[in-house]
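> A predicted structure for the sequence below; I have some questions about it.
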Amino acid sequence: HKTNNMFMDSVNDRSEDEENEKNKDHNLSKDISGGDWGWCVIAACFLCSMVNDIITYFFGISMKSNATASVSHIPQVGGVFAVAMMLIGPIAAVFVNKCGNQTTCIVGSVIATVAMFVSNCSTSFTSVLATYGLLVGFGLGFVCLPAVVAVGEYFRLRISFAKGICVSVCGAGIYLVVPLLSSLLGPFGW
């Protein structure tokens with residue numbers, strides 16, 4: 001009788017292992033690919049990264065057009081902007097864990113948008129440094145992190161490929177949009 005129980009325990013363990021393997025296979029089969037929601041997430045993350053990069057690389061042109069910023073101050077604003085965007089990462093990560101990717105991205109975009117409008121009305125270098133350098137940097141830091149993290153939630157098997165698409169295509173957007181914006185500044189002004 002004891003041998004029979006050991007045999008049954010072994011069979012039960014094997015069936016549990018098989019069930020776990022099936023669940024694992026089922027979860028892996030949830031790896032979204034081709035035309036599903038995951039590709040929409042990649043597109044959204046790509047757009048977030050592209051807008052983030054465009055604002056990052058376009059700020060020099062926009063600051064040059066701003067009457068309150070001299071040419072010598074533009075790199076200072078850019079430096080503060082880059083530092084703020086990167087230093088906010090740990091805080092944005094906590095925010096992502098508590099509120100999710102979408103909420104974090106929305107909060108960041110609202111902060112960055114309001115700060116850009118306020119910086120456009122700035123009358124001194126200090127206010128440009130605070131609004132565009134710090135606040136836009138913080139806001140875009142809140143956008144940048146979810147744009148990278150969200151892809152991992154929808155892809156398991158091809159996560160490197162998915163993140164590669166999301167990150168690598170940003171260069172094309174910058175290559176196309178920044179010259180377009182520069183050419184629009186000529187006839188229309190800032």
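Sure thing, it's come through.
> Helix or strand for I174, just tell me which one.
Using DSSP states H and E, I174 maps to helix 170-188.
> Show the average pLDDT along that helix.
The average pLDDT within helix 170-188 is 73.
> next one: stretch 118-134
85.
> following the helix or strand of the chain with the lowest mean pLDDT, which helix or strand shows up next?
Least confident helix or strand, the chain: helix 2-29 with a mean of 49, by mean pLDDT, DSSP states H and E. Per DSSP H and E, the first helix or strand lying C-terminal to helix 2-29 is helix 37-65.
> who's in contact with V110?
G139 (CB atoms under 8 Å, 6 or more residues apart in numbering). From N, CA and C alone the C-beta is placed, and that goes for glycine too.
> for it, phi and psi?
When read as degrees, to the nearest 10, the backbone of V110 gives phi -70, psi -50.
> I'd like to know how far it sits from A84.
Counting by CB to CB, to the nearest Å, the separation of V110 from A84 is 16 Å.
> tell me which element E153 falls in.
Here E153 sits within helix 137-154, counting by DSSP H and E.
> And that helix, what does it pack against?
helix 37-65, helix 74-87, helix 89-99, helix 101-120, helix 159-168 (3 or more CB pairs under 8 Å, 6 or more residues apart in numbering; DSSP states H and E).
> quick revisit: tell me how far the helix holding I174 lies from the chain's centre.
For helix 170-188, the separation from the chain centroid amounts to 21 Å (computed by CA atoms, centre = their mean, to the nearest Å).
> could you give the angle of it to helix 137-154?
140 degrees (axes from the mean of the first three to the mean of the last three CA atoms, to 10 degrees).
> and the helix holding E153 with helix 89-99, angle?
Going by the same axes, to 10 degrees, helix 137-154 makes 50 degrees with helix 89-99.
> picking up where we left off before, make TSV out of the helices and strands packed on helix 137-154 and add distance to A130.
Below are the helices and strands packed on helix 137-154 laid out as TSV (distance: least, CB to CB, whole Å):
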stretch	distance to A130
helix 37-65	14
helix 74-87	9
helix 89-99	18
helix 101-120	8
helix 159-168	30
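> nearest to L145, of those helices?
When these are compared for distance to L145 using CB to CB, the nearest one is helix 89-99, at 4.3 Å.
> Next, the buried residues of that closest one.
Burial within helix 89-99, assessed by neighbour count using 16 or more other CB atoms under 10 Å, is assigned to A92, F95, V96.
> in terms of contact count, name the helices or strands touching it.
Helix 89-99 sits against helix 101-120, helix 137-154, with contacts defined as 3+ CB pairs under 8 Å, 6+ apart.
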